[in-house]
Each structure stands twice: as C-alpha cells, then as structure tokens.
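Undergrad: Here's a sequence, model it:
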Amino acid sequence: MELRPTDLESLLPQGHRARLVWAWVERQDLSGMYAVIKARQGGAGRSAIAPEIFLGLWLYATLEGVGSARQLSRLVLEHDAYRWITGGVQVNHHSLSDFRVAHGSVLDELLSTSLAALMAAGAVKLQRVAQDGVRVRASAGAASFRRKGSLQENLEQARARVRELKAELDADPAQDSRRKLAAQQRAQREMQERVEAALERLPELEAIKRRNGGKSEARASTTDAEATVMKMADGGFRPAYNTQFATDCDTQVIVGVEVSTSGSDMAQLAPMVEQVEQRLSAVAPQWLVDGGFPAHEQLDAVADKTEVYAPVPEARAKKDDEGNDIAADKHQPKSGDSPAVAKWRQRMASDEAKELYKLRAATAECVNAQARNRGLQRMPVRGKAKVRCVALLYALAHNLMRAVTLVPELIGQGPTPSAGSAGVA
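TA: I've put the predicted structure just below:
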C-alpha cells in the first residue's frame, strides 16, 4: 500500500509552473466549454469534471512535453503537480483525449482574448511579426498511403465486411456475441469512412502533383486522409502537417496559428496576415518570412496591409551576344513585376532591411525549436481540425509563460523574482 500526503496544497512551492498555469486558467472565460456539458439520460452519475481541470492539465502537460492522453492520465495518479491541478480527481484518458479536440473554437477565442490582454497591458506592440512553418509528423504511416485502385478495392472489402457483420449481429441473440460483433462492425464502419475520406481527397492530391510536375499516381492515407507526404527537415519524406506560427518579434508571443496540408509555405502568407488582422484588429507594419513564402500573388495580396521582408531569389544568369555572362541585379525590378513586387525587391537591397531580416531567425526558429522541445514532433491526433487544436494548445501554453515574464500581473503573480524565473520560456 502506498501512502500519499492528503494536503495537496503543500505539494507544490509558490511560483511552481503548475500554479502559474492554474492562475491563468482561473482568469479565462470558459463558458463556451461549459455550454456543451449535458446530462445523460438513464440514471444519475458523477458530476462532470470542470473544464478548468482539463485545460489546466493539457496546458501544463504541453509545457512538460507530454502529448499522450494515456500518459497524462497516469501522471494524474502519480505526479504531484498533476494531482495538485486536479485536486485529487481521477481523470481517464478517454475524457482527456476527447476534451483536447472538442473545443477548437473556444481555444481560438482564448488565444485572441489573451493576446488582447497582452496588447492592452502594453507588452505586445505588434510592430514586427515573423512567420514560419514547422512540419510535424502525422499519426499515419507511409504504408497507409494507397492509390485510387487500391482504395476502391479496400472500400468494397470494408462495405462487404460491414454487411456480413450486420447479418451475423441480427442472427445471433447471445448478448456476449452481439457485443463483440457490434464492436467489430463499428471498427469496419470506421475503416470504411477513412477509405471514403481518402478517395475524396485524391483529386486534390492529384492536382498538387500535376502542379509540381509529378508523374506518378497520387496516393492518400487510409489512416489520416488529410495527412500529406512532405519533405522534412532531415531531407526525408514522411506524412506530416505544416503547422504555421506567426510570432511577435519583440516579445516572442505567438499571434497567429494555422495548420496546412500543403508541404509548401508559398500560399501561407496572405491567410496568416488576414487571420492576425481579424484576431487583433491590427497587422504588424513589418512581416518577416523566409524564402519559401514570397510568391508574387501573395505579396500583392498583403501590399496594402504590411511590408514583407523576405530574401529575393538569385536572378537567372544572362548572356550577351558573345555568350559571356552578364551580371544581373536581383534587386532591380523586372518588366512583369507588380508595384508590390518591385518595392519588395528594392526594399531588400538596403542594409537596413538586411539587418531587420535577421530578427526572423531569432524569432521564428526559436519558437519552432521550443515547440520541438515541448513534444511537437509527432501529432497525437488525426485530421486537420484536431491537429489545429493541438497547435492552439501549444500556442496558449507558450504565450502563458511569456506572459509570466512580460506581465506577471495578468495572472496575479506580481513582478516577483520567482514568477520571472518560472516564466522563462
């Protein structure tokens, strides 16, 4: 028998990270999460676990690099910090898993309101933003990707198996057998739905392949139809999601979050600028991105909202009549350039722009590295909407600790040395 202290309040020192997380959670409006809690018909049960507990657990777990609902449910029983957050309430992994992906709109609103508080306090001035994408492994194996013919064959097999199990279920009156058959039928039906989703996504993948000059037939995953094979940081190709973060350069506070199923950053600039404008009713005057972002149509789309700072690609070599190379200035506007593209080329020729652009790596790459260190290496969920929930939780956890450093008063800590040291992200 294991003896544990019953005075949970004595388990954690003042300024502990779990206390900071809870202090932040207590100040948030979670009415949207409470609104979906409903009583179940058919008998009395225990009271629903408060959303504050679920949110506090996931935020603290994110900061500690814990992404598995099963692991988190074990830590609730074994680890003092998690026990303190729950107040001794037991939480199973099914409930934890369901909560993480059930409140995407509320998490998005929490990001907006928490950013508004930081801006109102003068901590975030939104002068410069750095945007970058980090490719995170999807919860799907390479072997799950199938071509159209194979998917259609798998779909017919799944449908036939569902019909077969339904017939067995109707014919067998035994309770235990019915329960097993029902579980098998449910699993086959879910498989059928995944294959159908993969078939629905094939046209999109085929269009992408044609645009990129690919000749082989497109394939979609029967595990996660929205996952896409992308080139990863190590040069290999794996199923992944392109997670986009826009970060304030002065404070390293994340101000925008998006998830893309495209392996390219080329079309991600304008949507993120629009998202930040809608979220904060403002756009940073200067927007820093790497060389994968500045497609000309993207520069045109944001020209009236922000100045884009991104490296200009090297100009193609030209030759004179005698075949000698002519030095080309990549910063000189070309005949087909729009006004926005021409200004971008000229802007990046200045020493001031080159110096300013150094902030991009110092900001975006730092946030990406912290994301990796906090476990954002393989997604524990499937589907773009659920993946975005995980990304939003990471952004909230990251910004929470930045707030502890920048404006500890927002979470009731005051400018104390312990709060400041705990807030170092």
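Undergrad: Start from the N-terminal end of the stretch 201-350 of the chain and give the strands.
TA: Using DSSP state E, counting those that start in this stretch, the strands of the stretch 201-350 of the chain run over residues 220-221, 228-231, 237-248, 254-260, 286-288, 307-309, 318-319, 325-326.
Undergrad: ranking these by burial, who's on top?
TA: Neighbour counts (mean count of other C-beta atoms under 10 Å) averaged over each of the strands of the stretch 201-350 of the chain peak at strand 220-221, with a mean of 28. (C-beta placed from N, C-alpha, C; glycine too.)
Undergrad: Quick check: neighbours of that strand in the sheet, parallel or antiparallel?
TA: Applying DSSP bridges, strand 220-221 is found paired with strand 145-146 (antiparallel).
Undergrad: Quick one: mean pLDDT for the partner strand?
TA: Average pLDDT, strand 145-146: 81.
Undergrad: Could you shift the numbering so residue one becomes 45, and keep it that way?
TA: Noted, 45 is the first residue going forward, which turns the last one into strand 189-190.
Undergrad: got the buried residues for the helix or strand that it is followed by?
TA: Sequence order places helix 192-215 as the next helix or strand after strand 189-190, per DSSP states H and E. Buried residues in helix 192-215, defined by neighbour count with 16 or more other C-beta atoms under 10 Å: Lys192, Leu195, Asn198, Leu199, Ala202, Arg203, Arg205, Val206, Leu209, Leu213.
Undergrad: still on that earlier bit, let's have the strands of the stretch 245-394 of the chain in CSV, adding distance to Leu313 and mean pLDDT.
TA: Below are the strands of the stretch 245-394 of the chain laid out as CSV (distance: least, C-beta to C-beta, whole Å; pLDDT from 0 to 100):
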stretch, distance to Leu313, mean pLDDT
strand 264-265, 27, 84
strand 272-275, 18, 90
strand 281-292, 10, 95
strand 298-304, 11, 97
strand 330-332, 8, 97
strand 351-353, 7, 96
strand 362-363, 29, 66
strand 369-370, 32, 64
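Undergrad: Need the residues that contact stretch 415-430.
TA: Outside stretch 415-430, the residues that touch it by C-beta atoms under 8 Å, 6 or more residues apart in numbering are 106-113, 144-145, 148, 178, 180-184, 267-268, 270-271, 285, 287, 289, 303, 305, 431, 433-435, 438, 441-442.
Undergrad: can you rerun that using 7 Å?
TA: Stretch 415-430 has contacts (C-beta atoms under 7 Å, 6 or more residues apart in numbering) with 106-107, 109-112, 145, 148, 178, 180-183, 267-268, 270, 285, 303, 305, 431, 434, 438.
Undergrad: Between the two ends of stretch 446-456, how far is it?
TA: One end of stretch 446-456 sits 14 Å from the other (C-alpha to C-alpha, to the nearest Å).
Undergrad: coming back round to it: which single one of the buried residues of helix 192-215 is nearest to Ala314?
TA: Relative to Ala314, the closest of the buried residues of helix 192-215 is Lys192; by C-beta to C-beta it sits at 32.1 Å.
Undergrad: Looks like the closest one contacts Glu244 (just checking).
TA: No: look at Lys192 against Glu244 with C-beta atoms under 7 Å: they stay out of range, at 11.5 Å.
Undergrad: Show the contacting residues for Phe110.
TA: Slight slip there: residue 110 is Val, not Phe. By C-beta under 7 Å, 6+ apart, the contact set of Val110 is Leu116, Leu119, Gly419.
Undergrad: would it count as being in a strand?
TA: No: Val110 is assigned coil when assessed by DSSP: H, G, I helix; E, B strand; the rest coil, not a strand.
Undergrad: quick one: the longest helix anywhere in the chain to helix 192-215, angle?
TA: Ranked by number of residues, the top helix in the chain under DSSP state H is helix 219-255. For the pair helix 219-255 and helix 192-215, the angle between their directions (axes from the mean of the first three to the mean of the last three C-alpha atoms, to 10 degrees) equals 160 degrees.
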